[in-house]
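Visitor: okay, predicted coordinates and the sequence, questions at the end:
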Amino acid sequence: MTAGALVRDLRTALDEGGLRGSFLVRDLRSGTELGIDPDREYPIASLVKVPLAAATLERVHRGELDAATRLEVAPGGVTTPGPIGLTRFRHPARIALGDLLYLSTSLSDGTAADVLFGLTPPAEVMRMLGEWGLAGIAVRHLMRDLVETPAERFETGEGDLAQALAIGASTAGRGHRLPQLDVTRANSASARALVELLQALWTASKIDAEVARGVRELMANNVLRHRLTPDFASDAARWSSKTGTLLNLRHEMGVVEHADGAVFAVVALTESRVPAVLQPEAEILMARVARALRDHLRGG
């Protein structure tokens with residue numbers, strides 16, 4: 001099957017499954033790539049924790065921060081199901097900066113991320129991305145802003161109403177009544193911009209090798225492995241990734257390193273038009289699409 005025919009078939013499968021998205025898979029050895037709307041921007045939710053980790057580790061490398069410094073962390077105060085780590089703590093804690101990096105990136109702990117943002121604010125993360133020549137990733141707000149939407153006013157069991165709000169309040173120009181879902185106001189990026197970040201982290205061509213190695217290790221230890229992991233991890237392949245989820249958005253970015261030396265960056269950014277909180281079929285479909293793109297590049 002030609003690349004064009006494959007992309008057409010995958011677009012149809014996504015549409016029939018109630019999804020659309022921005023996908024890109026790139027062979028980091030040869031530079032060849034294949035994608036679906038790879039330049040379409042989406043709010044990236046927790047994927048922003050990857051550039052945050054890179055910026056924080058860069059400041060540690062420069063001697064501006066010390067990974068052993070212990071920081072006071074206020075309790076998250078979250079009572080709804082879902083968040084993990086410090087976000088669910090009920091009492092203050094003192095935690096080393098280096099451990100906050102692990103919690104933020106590997107466990108996707110929003111409270112830990114916001115403590116790190118307190119040291120390296122969004123504007124500073126953006127400045128460092130610019131230093132590295134990485135364009136197209138907008139870092140504008142903290143993680144706590146993601147749980148301050150009208151959706152939080154719904155009662156338990158009314159998650160479908162929040163999903164319907166997210167689906168129905170968008171505009172043709174990629175705006176949204178919810179600022180967290182508006183690409184002009186939210187933390188946002190395209191699949192291509194995130195693949196460029198992954199390439200910089202895996203080749204250390206733009207980012208210091210020690211910093212890049214630290215981010216790769218954090219992504220390799222990602223504990224949220226229900227989305228693309230089943231299609232990319234095996235005894236002969238190492239999958240390092242980060243997920244992002246917000247209302248009807250489901251994302252993942254990662255790199256698969258095969259035992260034969262092949263290395264592929266994979267980014268899948270999706271939005272669903274199905275008003276349901278739990279959508280295992282969507283997880284399976286986005287993984288199948290990403291896998292099909294990788295398999296085509298790999299030659300079968």
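Guide: Sure thing, it's come through.
Visitor: next SSE downstream of the helix or strand hosting residue 94?
Guide: Here residue 94, judged by DSSP states H and E, is contained in strand 93-96. Later in the chain than strand 93-96, the nearest helix or strand by DSSP H and E is helix 97-106.
Visitor: buried residues in that next one?
Guide: Residues of helix 97-106 classed as buried: 97-98, 100-106 (neighbour count, 16 or more other Cβ atoms under 10 Å). Every C-beta, even on glycine, is put in place using the N, C-alpha and C of the backbone.
Visitor: next one: stretch 57-74
Guide: So for stretch 57-74, counting by 16+ other Cβ under 10 Å, buried means 57-61, 65, 71, 73.
Visitor: CA atoms of it as PDB?
Guide: Output in PDB follows, covering the C-alpha atoms of stretch 57-74 (Å, rounded to 0.1, in the frame of the first residue of the first chain):
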ATOM      1  CA  LEU A  57      17.300  20.100  34.100                       C
ATOM      2  CA  GLU A  58      19.000  22.700  31.900                       C
ATOM      3  CA  ARG A  59      19.000  25.100  34.800                       C
ATOM      4  CA  VAL A  60      20.400  22.400  37.100                       C
ATOM      5  CA  HIS A  61      23.100  21.800  34.500                       C
ATOM      6  CA  ARG A  62      23.900  25.500  34.500                       C
ATOM      7  CA  GLY A  63      24.200  25.600  38.300                       C
ATOM      8  CA  GLU A  64      21.100  27.900  38.700                       C
ATOM      9  CA  LEU A  65      19.200  25.200  40.500                       C
ATOM     10  CA  ASP A  66      20.200  22.300  42.800                       C
ATOM     11  CA  ALA A  67      18.400  19.000  42.300                       C
ATOM     12  CA  ALA A  68      19.000  18.200  46.000                       C
ATOM     13  CA  THR A  69      17.200  21.400  47.200                       C
ATOM     14  CA  ARG A  70      14.100  20.400  49.200                       C
ATOM     15  CA  LEU A  71      11.000  22.500  48.600                       C
ATOM     16  CA  GLU A  72       7.800  22.900  50.600                       C
ATOM     17  CA  VAL A  73       4.800  21.600  48.800                       C
ATOM     18  CA  ALA A  74       1.300  22.500  49.900                       C
END
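Visitor: what's the offset of it from the middle of its chain?
Guide: How far stretch 57-74 lies from its chain's middle: 23 Å, per Cα atoms, centre = their mean, to the nearest Å.
Visitor: and for stretch 238-245?
Guide: 7 Å.
Visitor: let me see the mean pLDDT of it.
Guide: Mean pLDDT, computed over stretch 238-245, is 96.
Visitor: ok, and what's touching that stretch?
Guide: Identification of contacts with stretch 238-245 by Cβ atoms under 8 Å, 6 or more residues apart in numbering yields 44-50, 105, 108, 216, 219-220, 222, 224-225, 227-229, 232-233, 250-257.
Visitor: can you go through those and name the buried ones?
Guide: Buried members of these, counted by 16+ other Cβ under 10 Å: 44-50, 105, 108, 216, 219, 222, 224, 227-229, 232-233, 250-257.
Visitor: contact partners for the spatially most central residue of the chain?
Guide: Residue closest to the average C-alpha location in the chain (Cα atoms, centre = their mean): residue 47, at 2.3 Å. Residues in contact with residue 47 (Cβ under 8 Å, 6+ apart) are 187, 189, 194, 242-244, 251, 253.
Visitor: mind checking which of the residues you listed are in strands?
Guide: 189, 242-244, 251, 253 (DSSP state E).
Visitor: can you name the two of those that are farthest apart?
Guide: Maximum pairwise distance in these, criterion Cβ to Cβ, is 14.5 Å, between 189 and 243.
Visitor: which of the two has more neighbours?
Guide: Using other Cβ atoms under 10 Å as the criterion, residue 189 and residue 243 rank with residue 189 on top: 30 against 24.
Visitor: just the helices in this structure please.
Guide: Taking DSSP state H, the helices of the chain run over residues 3-16, 49-61, 97-106, 110-119, 122-131, 159-168, 191-203, 209-220, 229-232, 280-298.
Visitor: next, format those as TSV and append mean pLDDT and distance to residue 37.
Guide: Output for the helices of the chain, formatted as TSV (pLDDT from 0 to 100; distance: least, Cβ to Cβ, whole Å):
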stretch	mean pLDDT	distance to residue 37
helix 3-16	95	9
helix 49-61	98	21
helix 97-106	96	27
helix 110-119	92	28
helix 122-131	97	22
helix 159-168	56	18
helix 191-203	98	8
helix 209-220	97	24
helix 229-232	94	20
helix 280-298	95	12
